[in-house]
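[1] Here is my input, please return the structure:
(one chain, ligands or ions: 1)
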Amino acid sequence: MDLNEALYTTRAMRRVKPDPIPDEVVASMMDAAIRSPSGGNSQNWRWITVTDREKMAQLGEWYAEAWKQLNETFYAGRVEAAREKGDDSTLRVMNSAQWLADNFASVPLVVFPFHRNDPSGASIYPGVWSLMLAARGHGVGTCLTTVLGIFKHDEVCELLGVPEGKGWTNAAAVTCGYPLGRWGLAKRAPASDVTFSESWGNPPDWPEIGLPISLD
Ligand SMILES: Cc1cc2nc3c(=O)[nH]c(=O)nc-3n(C[C@H](O)[C@H](O)[C@H](O)COP(=O)(O)O)c2cc1C
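    The predicted structure follows:
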């Protein structure tokens, strides 16, 4: 797949089919993930791929609880505020996130990345993103989620047999599956609105550029 197409269209693809992902595809996604950089090339990571339906049933219950907790705390009033403002983009994200909370147990594969001895916490996410880009190349949709780690970290670690007292921290749960919907452009505030030139507040003087991919 063209690099730009992967970069521009790797979206949060939460709605996925339950169809299993072949082992060679999973192996290839993980092989791409571990090519990513880490501080000092420490590679202080472990990854657990989960497909077992019993484990997924339990994770699904916890995910739904965690999502509910998030909505009652950090996200309290978010949907109502978005409705009042007519903020369709937030409403779409919340609907899609609710779908995942309702259907987590049917997701065919979830990858749990773990890291340790990384004070910045930054070394794991290049690998997570590489995993997601590689998945995109195989036509597999992914969503980086952190809500389980926020509210159910220790329960998840115990279920997955993560050794205690060794410093391993779960960084995310990346859901993976073949999309129910269509790929599309990741919509974001323009780079020129969020990038300064030389010092804070100074807008860049960039030429107009078009999208490097064509959209159907
Ligand atoms: C650090 C991080 C944590 C996230 N946690 C969750 C989550 O717990 N549940 C979820 O459904 N989506 C989660 N997301 C997905 C974001 O909502 C999504 O990337 C964002 O809305 C952009 O979506 P788009 O690429 O489809 O436009 C997370 C994304 C990031 C980067």
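[2] Could you measure from the residue nearest to residue 141 when sequence neighbours are not counted over to residue 125?
    Once flanking residues are discounted, residue 141 sits nearest to residue 13: 2.6 Å by C-beta to C-beta, 6 or more residues apart in numbering. For every residue, glycine as well, the C-beta is placed using N, CA and C. Using C-beta to C-beta, to the nearest Å, residue 13 is found at 18 Å from residue 125.
[3] So for these two, which residue has more residues nearby?
    Comparing residue 13 with residue 125 by other C-beta atoms under 10 Å, the one with more neighbours is residue 13, at 26 against 16.
[4] Next, the contact list for that one, please.
    141-143, 177, 179, 181, 183 (C-beta atoms under 8 Å, 6 or more residues apart in numbering).
[5] out of those, which are buried?
    141-143, 177, 179, 183 (16 or more other C-beta atoms under 10 Å).
[6] So which of those residues is the closest to the ligand?
    residue 143 (5.3 Å; C-beta to the nearest ligand atom).
[7] Tell me which residues are up against the helix or strand of the chain with the lowest mean pLDDT.
    Least confident helix or strand, the chain: helix 78-85 with a mean of 93, by mean pLDDT, DSSP states H and E. When contacts are defined by C-beta under 8 Å, 6+ apart, helix 78-85 is touched by residues 71, 87-88, 90-91, 94.
[8] repeat that with 7 Å
    Contacting residues not belonging to helix 78-85 are listed as 90-91, 94 [C-beta atoms under 7 Å, 6 or more residues apart in numbering].
[9] Can you pull the residues of the protein lying near the ligand?
    Residues of the chain lying close to the ligand by C-beta under 6 Å from any ligand atom are 11-12, 14, 93, 97, 100, 143-147, 186-187.
[10] Now, these that are in helices?
    Assigned to helices by DSSP state H, the following of these qualify: 93, 97, 100, 147.
[11] most surrounded residue in the residues you listed?
    residue 147 (24 neighbours).
[12] So which of the contacts of helix 78-85 wins on neighbours?
    In terms of neighbours by other C-beta under 10 Å, those top out with residue 94 at 17 neighbours.
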